[in-house]
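A.B. asks: Sequence and predicted structure below; questions after.
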Amino acid sequence: MSESNHSGTTSMPSSKRAFDIVTDSLGKRYAAEKRFRIYGIVSIMLAIAFLLILLVSIVSKGLPAFTYTQVQLPITYDETVVDPEGGRDVDTLSRANYSALIKSSLRELFPEVTERSELRKLNKIVSSGADFLLRNRILENPDLIGTQEQVWLPVDDEVDTYLLLKDNEAFGTGRLSESQVSWVNRLIQDGKMENRFNRTFFTASDSREPESAGILGALVGSALTLLITLIISFPLGVAAAVYLEEFAPKNRWTDLIEVNINNLAAVPSIIFGLLGLAVFINFFGLPRSAPLVGGLVLSLMTLPTIIIASRASLKSVPPSIREGALGIGASKMQTVTHHVLPLALPGMMTGTIIGMAQALGETAPLLMIGMVAFIVEVPGGIFDSATVLPVQIYLWADSPERAFVALTSATIMVLLTFLILMNGLAVLLRKRFEKRW
Amino acid sequence: MNNKAIFALVGLVSASIVGISTQAFAASRDNISIVGSSTVYPFSTTVAEQFGKSTKFKTPKVESTGTGGGMKLFCKGVGVDTPDMTNASRRIKDSEYQQCLDNGVKEIVEVKIGYDGIVIANSKKADLLDLTLKDIYLALAKDIPNPDGSEGTIPNPHKTWKDVNSALPADKIEVLGPPPTSGTRDAFVELAMEGGCKKFDWIKALKKSDKSAYKTQCHTIREDGAYIEAGENDNLIVQKLEANPKALGIFGYSFLDQNSDIVQGSKVGGVNPTFDAIASGDYPVSRALYFYAKKAHIGVIPGMKEFLAEFTSEKAWGPDGYLSEKGLIPLPDNERSGMASSVNNLDALKLASQ
């Protein structure tokens, strides 16, 4: 390019000027380009660094939650305590005083503790939820009554927090008393207290005791909510996209609809929550806190995303496919359903999965419809009260007990895993099935 | 892809939505529904969990909506589609009570459950502060009384704690606290700010002559960056204090209790914010916590009466109860037994305005 420029300007008196200007400024231009690249690299590095800091802090805080300190106690299922009437009646068995079994076992291990207030402290080493574990064991297998077995029971969250932080000098003995610390140390020396895999985290629902709290309820709630979202938003989104792209006449009305769909995609999600409260709960009278309402609200939120992605993928199907089909006598509908839709479907599914992943991480709209709540029972259907994973994170992050910090980060890890899996699936679908023309 | 299948699916979904919405949900609900304050939430949920585990009833659902939001839902009317109880970190207001009455919520059982201290804490790396209510007011108010002693105000000129009181360190005033939507903020303003504000005689006299001017004078927190609204998350404030030893934070006593290795509560009026000092009333910045129950729902929603009994039992709200372990400061013995019996009789609330 500079050559032709050069030959064109030789006849002029001020010859080689343009050429010189270009040559002289070349170094500057290269430097500018280099700088520009460096800006880009720096911003990417910064983004990666922040991401790493975030991940490292979440993982390092969250990992302790996957294990929990447990204590091995010899439990004697005394028939006079568990089933005084001997009828093996479920009602009697479930209301028996199982904490008495734990207390007597602790008392046997530490016979030297006799004073009342010290005994209370001793009993506090074991989680206050441990008696329910024993109850469940007995209800599952009533033949255990009258026998003795070694049971691993979770300790109180104060003990677990102490063992986690005891190397920190400022923490000292935390909220444990000196005597409790000495008992804990003795149990560790005897090999009766150790860090074991925290099954409760995956099998229990929300609890105010960190050692009995788990994510099952929130996980099921998220699954039910997303199921509703998928059932509603995918067919509606695809149908809307197909109509707008393939059938609708191009006029003022369809333009208006298109603009509005694009606008809807940018509406803050809390607005959808307010809409859900007004329409689904107040007008239709659907129950508060139910995954059904959550799913409806989130599908309003994901619909624009799905419509936009679906339209883009319909647009990318080349006209020759449609013309070919029409040319050999297919009807308009046959063209769409037999040829265009199958080719566009991978792109539509990718859009849907990304929309779903967005919905999975949403809390703001759920605040308005009562899904930010303490719910202990695992939801059994779309009408039961439920929370979702991000709400669980929010609720635990606000709890005063130290042990919830680890649970919060562990739940974030679970949520991130699901998001990565969903996005991975979207990438996979695109790689496997998307056709390029 | 079969087009018939798509249309069938779309039809099915829309039919089911219509079907669901027309179905009567109001028919029954077998778990108690509780809404309200995020300060009472930890206590309410603890009782709910115990109640669910130890009785045949389902575990109540507890929503954290904030005191005002809870009142709004609670007072919307009577019926299974409205909450049965609401938690509050302050007493019900006359206006809210009136709204309840207007909407047919005639009989409300008020339960005062205990106290929550509001602490002004800093990092353990810094020195323990000894503040008075007057110091707090002079450090955080938007306009302070004229320093020359005459009536009238000037915009708060104080930059450091030493400006406020020469006995305090020369550190910049930097206080992390809750936003105006929070019940903790309401209580802090009412107890600490107003408490310090009243120390000026002419302002105290103002209360009688011009109540709204008095409120503006005492309740307005400065907006020049010395008071930083840190959101509703008290754990976040604790973490920020750890990172910045010069800053102070305002939050509930239970967070101080759980993080006593990181933060320390400043003395207020010479009193340390300890469990005993708050319980005895010596610590000046503490507030009562309440919950309200609809009498009309008792007998309709299973377990209401039993839940009230559980909440007001000694093993829950007593000095050695499980709520005290969660940081609730129990009511004095006589007040507690009086409250328990009035809850047992389901005495309906009567406000002075009635």
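C.D. replies: Okay, I see it. Every value quoted in this text rests on a predicted model; they were computed, and no experiment measured them.
A.B. asks: Sketch out the low-pLDDT regions of the chain for me.
C.D. replies: I'll assume chain A. A:1-15, A:437 (pLDDT under 70).
A.B. asks: try again with chain B
C.D. replies: Scanning chain B with the threshold set as pLDDT under 70 gives B:1-27, B:181, B:352-354.
A.B. asks: Spatially central residue in it, please.
C.D. replies: Residue closest to the average C-alpha location in chain B (CA atoms, centre = their mean): residue B:89, at 3.0 Å.
A.B. asks: the domain parsing of the chain - what is it?
C.D. replies: In the absence of a named chain, this looks at chain A. Following automatic domain parsing, one finds the domains of chain A at A:2-62, A:66-211, A:216-433.
A.B. asks: could you do chain B instead?
C.D. replies: Structural domains annotated on chain B: B:27-116+B:288-344, B:117-285, as defined by automatic domain parsing.
A.B. asks: mind checking the end-to-end distance for the last one?
C.D. replies: Which is domain B:117-285. 6 Å (CA to CA, to the nearest Å).
A.B. asks: I figured residue B:130 was touching residue B:270, is that so?
C.D. replies: Yes: applying CB atoms under 8 Å as the test, residue B:130 and residue B:270 come out as touching, 6.6 Å apart. C-betas here are computed from N, CA, C, even on glycine.
A.B. asks: So which of these two has more stuff around it?
C.D. replies: More neighbours surround residue B:130 than the other of residue B:130 and residue B:270, with 16 against 10 (other CB atoms under 10 Å in any protein chain shown).
A.B. asks: Skip the chain neighbours and tell me the closest residue to residue B:146.
C.D. replies: residue B:152 (5.0 Å; CB to CB, 6 or more residues apart in numbering or on different chains).
A.B. asks: What are the phi and psi values at that neighbour?
C.D. replies: phi 110, psi 160 (degrees, to the nearest 10).
A.B. asks: just checking, it touches residue B:145?
C.D. replies: Yes: here residue B:152 reaches residue B:145: they are 7.5 Å apart, a contact under CB under 8 Å.
A.B. asks: so how far is residue B:255 from residue B:236?
C.D. replies: 10 Å (CB to CB, to the nearest Å).
A.B. asks: what's the burial count for residue B:251?
C.D. replies: When neighbours are counted by other CB under 10 Å, residue B:251 comes out with 30.
A.B. asks: still on that earlier bit, among the domains of chain B, which comes closest to residue A:76?
C.D. replies: Nearest of the domains of chain B to residue A:76, taken as CB to CB: domain B:27-116+B:288-344 at 22.6 Å.
A.B. asks: Just give me how far that closest one sits from the chain centre.
C.D. replies: Relative to its parent chain, domain B:27-116+B:288-344 has a centroid offset of 14 Å by CA atoms, centre = their mean, to the nearest Å.
A.B. asks: Hmm, residue B:91 is touching residue B:288, no?
C.D. replies: Yes: with contact defined as CB under 8 Å, residue B:91 reaches residue B:288; the gap is 7.3 Å.
A.B. asks: max-length strand in the chain?
C.D. replies: Picking chain A for this. strand A:67-76 (DSSP state E).
A.B. asks: meant chain B actually
C.D. replies: Per DSSP E, chain B has its longest strand at strand B:108-123.
A.B. asks: That strand vs chain A: in contact?
C.D. replies: No: Strand B:108-123 lies out of reach of chain A by CB under 8 Å from any CB of the partner chain, never closer than 10.2 Å.
A.B. asks: Mind listing the strands the next helix or strand after that strand pairs with, and their directions?
C.D. replies: Sequence-wise, the next helix or strand downstream of strand B:108-123 (DSSP states H and E) is strand B:130-131. If you go by DSSP bridges, strand B:130-131 pairs up with strand B:267-268 (parallel).
A.B. asks: Quick one: distance of the strand it pairs with to the chain centre.
C.D. replies: 21 Å.
A.B. asks: Contacts for it, please.
C.D. replies: Contacts with strand B:267-268, where a contact means CB atoms under 8 Å, 6 or more residues apart in numbering or on different chains, come from B:120, B:128-133, B:136, B:192, B:273, B:283-285.
A.B. asks: Also stretch B:294-314?
C.D. replies: B:29-33, B:47-48, B:50-51, B:54-55, B:57-58, B:60, B:74, B:78, B:80, B:82, B:84-85, B:105-109, B:111, B:113, B:291, B:293, B:316-317, B:321, B:339-340, B:343-344, B:346, B:348.
A.B. asks: how about 7 Å then?
C.D. replies: By CB atoms under 7 Å, 6 or more residues apart in numbering or on different chains, the residues outside stretch B:294-314 that reach it are B:29-30, B:32, B:47, B:50-51, B:55, B:57, B:60, B:78, B:80, B:84, B:105, B:107-109, B:111, B:113, B:293, B:316-317, B:321, B:339-340, B:343, B:346, B:348.
A.B. asks: What residues sit buried inside it?
C.D. replies: Within stretch B:294-314, the residues that count as buried by 16 or more other CB atoms under 10 Å in any protein chain shown are B:294-298, B:301-304, B:307-312.
A.B. asks: do stretch B:316-330 as well
C.D. replies: By neighbour count, with 16+ other CB under 10 Å as the criterion, the buried positions of stretch B:316-330 are B:316-318, B:321-330.
A.B. asks: which ones are touching the closest residue to residue B:77 other than its chain neighbours?
C.D. replies: Distances taken as CB to CB, 6+ apart put residue B:103 closest to residue B:77, at 4.7 Å, once the chain neighbours are dropped. Neighbouring residues of residue B:103 by CB under 7 Å, 6+ apart: B:75, B:76, B:77.
A.B. asks: Mind doing that once more with 8 Å?
C.D. replies: Residue B:103 sits in contact with B:75, B:76, B:77, B:78, where contact means CB under 8 Å, 6+ apart.
A.B. asks: Once you drop chain neighbours, what's closest to the residue nearest to the centre of chain B?
C.D. replies: Nearest residue to residue B:89, sequence neighbours excluded (CB to CB, 6+ apart): residue B:183, at 3.5 Å.
A.B. asks: How about residue A:301?
C.D. replies: residue A:272 (4.8 Å).
A.B. asks: shouldn't that neighbour be in contact with residue A:365?
C.D. replies: Yes: checked against CB under 8 Å, the pair residue A:272 and residue A:365 is within contact range at 4.6 Å.
A.B. asks: Now list whatever residues contact both of these two.
C.D. replies: When contacts are counted by CB under 8 Å, 6+ apart, residue A:272 and residue A:365 are jointly contacted by A:297, A:298, A:301.
A.B. asks: quick check, nearest of the residues you listed to chain B?
C.D. replies: Taking CB to the nearest CB as the measure, chain B lies nearest residue A:297 of those, at 13.0 Å.
A.B. asks: With that, I have no additional questions.
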